[in-house]
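give me the fold of what follows.
(chains A and B, ligands or ions: 2)
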Amino acid sequence: MCSSHATVRGLLHDLPEDEIFVLVDAEASPEHLSRATVEAVDLQLVVAEPYFKSLETARRYSKLGKELGIPNVVIVANKVKNPEDEKAIAEFCETHDMELFAVIPFDESLAQAERAGVAPLDFDPDAQVVRSVKDISQRMKERVARVG
Amino acid sequence: MKVAVSGKGGSGKTTISGTLARLVGRSGMQVLAIDADTNPNLALTLGMGTDAFDHLVPLPHGLMEHRRVDGETRLSLSRPLEEVTAEFASAGPDNVRLMMVGQVRGAGTG
Ligand SMILES: Nc1ncnc2c1ncn2[C@@H]1O[C@H](COP(=O)(O)OP(=O)(O)O)[C@@H](O)[C@H]1O
Ligand SMILES: [Mg+2]
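Ligands and ions are numbered 1, 2, ... in the order given. The predicted model follows:
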């Protein structure tokens, strides 16, 4: 497995900065950070659900990302069901010096999209989750320019 | 820009990755989506269907060679990037191309 991390690490370094948008869907294991696989990215979106184990994982992955030297490491809260969820995440982020960049609500339409076997965007372009991700796409460039 | 999406299993990485890739692509930018999960499912979230999925070939390690770049020795593509993406990235909707990396090629081959 060692070689695949080194391969992706090298590939990400080789890919151009500007002409294209490169997006890596990492695996759940922390190896993409501990083996420096994603070292060359400009932005790490750390996805966290509003429960303790998920937030703890996000805290560790954020720390590893920052130690790797990724210039922008931010939290994306996902599957947020109510204001209490959002408040709990905001407080956790505040306590641990993590930047809460976006909050994506729990979206029932995703289960329907999955049952229908289509991409969320094709199932309902107006879905809550699609609108939230569109907001991320519009703000991430500015966020990266600010620091990176 | 290069973005990595990380987090606990089931948190929504692939949902966010696939949707983000499509939306950026739709705005006119060329997108390279990289599925680095050993249990990959980004193709489906991108809307590429299971047929495409079964034909995706993971990027072979043999395409990389050790090179000295910026004062360190690391793996680097041994062929031009355009050639590699043409051969190993599959076209999906909205200007998105998908590349698989790090997966095993079949049972018992890892
Ligand atoms: N905002 C959301 N609301 C409801 N369900 C969601 C949301 N985001 C993701 N999911 C669901 O959670 C499950 C895991 O999502 P996935 O993107 O595959 O996670 P990961 O790639 O992190 O393992 C999927 O069934 C997906 O449809
Ligand atoms: Mg996934």
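
which residues touch the residue of chain A found nearest ligand 2?
The nearest approach of chain A to ligand 2 comes at A:Asp25, 6.0 Å away (Cβ to the ion). From N, CA and C alone the C-beta is placed, and that goes for glycine too. By Cβ atoms under 8 Å, 6 or more residues apart in numbering or on different chains, the contact set of A:Asp25 is B:Val5, B:Lys13, B:Thr14, B:Ser17, B:Gly18, B:Ala33, B:Ile34, B:Asp35, B:Ala36, B:Asp37, B:Leu42.

if you set the cut-off to 7 Å instead, what comes out?
Contacts for A:Asp25 (Cβ atoms under 7 Å, 6 or more residues apart in numbering or on different chains) come out as B:Val5, B:Lys13, B:Thr14, B:Ser17, B:Ile34, B:Asp35, B:Ala36, B:Asp37, B:Leu42.

out of these, which one sits closest to ligand 2?
B:Thr14 (3.3 Å).

nearest residue to the residue most central in space within chain B in space, please, no chain neighbours.
Closest to where the C-alpha atoms of chain B average out (Cα atoms, centre = their mean) is B:Ile34, at 2.1 Å. Distances taken as Cβ to Cβ, 6 or more residues apart in numbering or on different chains put A:Val24 closest to B:Ile34, at 4.6 Å, once the chain neighbours are dropped.

doesn't B:Leu32 make contact with that neighbour?
No - judged on Cβ atoms under 7 Å, A:Val24 makes no contact with B:Leu32 at a distance of 9.3 Å.

picking up where we left off before, backbone phi and psi for the residue of chain A closest to ligand 2, please?
Backbone torsions of A:Asp25, given as degrees, to the nearest 10, read phi -90, psi 100.

what's the closest non-adjacent residue to it?
B:Ser17 is the one closest to A:Asp25 (Cβ to Cβ, 6+ apart), at 4.0 Å.

does the one you found really touch A:Leu23, like I thought?
Yes - with contacts counted by Cβ under 7 Å, B:Ser17 reaches A:Leu23, the gap being 5.7 Å.

other residues contacting the helix or strand encompassing B:Thr14?
Applying DSSP states H and E as the criterion places B:Thr14 in helix B:13-26. The contact list for helix B:13-26 (Cβ under 7 Å, 6+ apart) reads A:21, A:23, A:25-26, A:45, A:47, A:76, A:78, A:110, A:119-121, A:129-130, A:133-134, A:136-137, B:5-7, B:31, B:33, B:41-42, B:45-46, B:93-96.
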